[in-house]
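**Q** sharing a model that was predicted from the sequence below.
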Amino acid sequence: MIDKHCEFCGRPFVALRQTAKYCGDVCRVKAQKRRKAKKMVAQPKRKCAVCGKDFRPKTEASRLCSKACGMRETHAKMRAAKEAERHIQQLRHRALTRRTGEAVSP
Ligand SMILES: [Zn+2]
Ligand SMILES: [Zn+2]
């Protein structure tokens, strides 16, 4: 048995475990809710990296307003990767034709 003070209401209570922080389930749940509410407030609005709309991110890491924008970003990345690949192939082709002495098309 350990004498502790509840981290939510501050009342002294007897904890059965060393890790106990609250006097009961009521305070534990309330503390959790308060933590969550704080988290929501802590995230300022930011602009979506895809559509540029203002949105409130759920987590610090989120940059996009919706799943739809996530899909759009993925598609854009895939398209960019394909473009880059085609560009490299073009360069390679040009280098090859130059080496073999063929006429290089403008
Ligand atoms: Zn309490
Ligand atoms: Zn968006």
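**A** Structure's in. What do you need? Numbering: from 1, shown residues only. Ligands and ions are numbered 1, 2, ... in the order given.

**Q** flag every buried residue along the helix-or-strand element of the chain with minimal mean pLDDT.
**A** Lowest on mean pLDDT, DSSP states H and E among the helices and strands of the chain sits helix 25-42, with a mean of 84. Neighbour-count burial for helix 25-42, counted by 16 or more other C-beta atoms under 10 Å, picks out C27, R28, A31. (Each C-beta comes from the backbone N, C-alpha and C, glycine too.)

**Q** show residues contacting it.
**A** For helix 25-42, the surrounding residues in contact (C-beta atoms under 8 Å, 6 or more residues apart in numbering) are C6, E7, F8, C9, K21, Y22, R56.

**Q** in ChimeraX, select just the buried ones from the residues you listed.
**A** Of these, the buried ones go into a single ChimeraX selection, burial set by 16+ other C-beta under 10 Å:
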select :6,8,22
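
**Q** tell me which two of the contacts of helix 25-42 sit farthest apart.
**A** C6 and R56 (31.7 Å; C-beta to C-beta).

**Q** so where's this structure uncertain?
**A** 38-42, 101-106 (pLDDT under 70).

**Q** quick check: longest helix of it.
**A** For the chain, the longest helix by residue count, based on DSSP state H, is helix 67-99.

**Q** any idea how far that helix is from the chain center?
**A** How far helix 67-99 lies from its chain's middle: 26 Å, per C-alpha atoms, centre = their mean, to the nearest Å.
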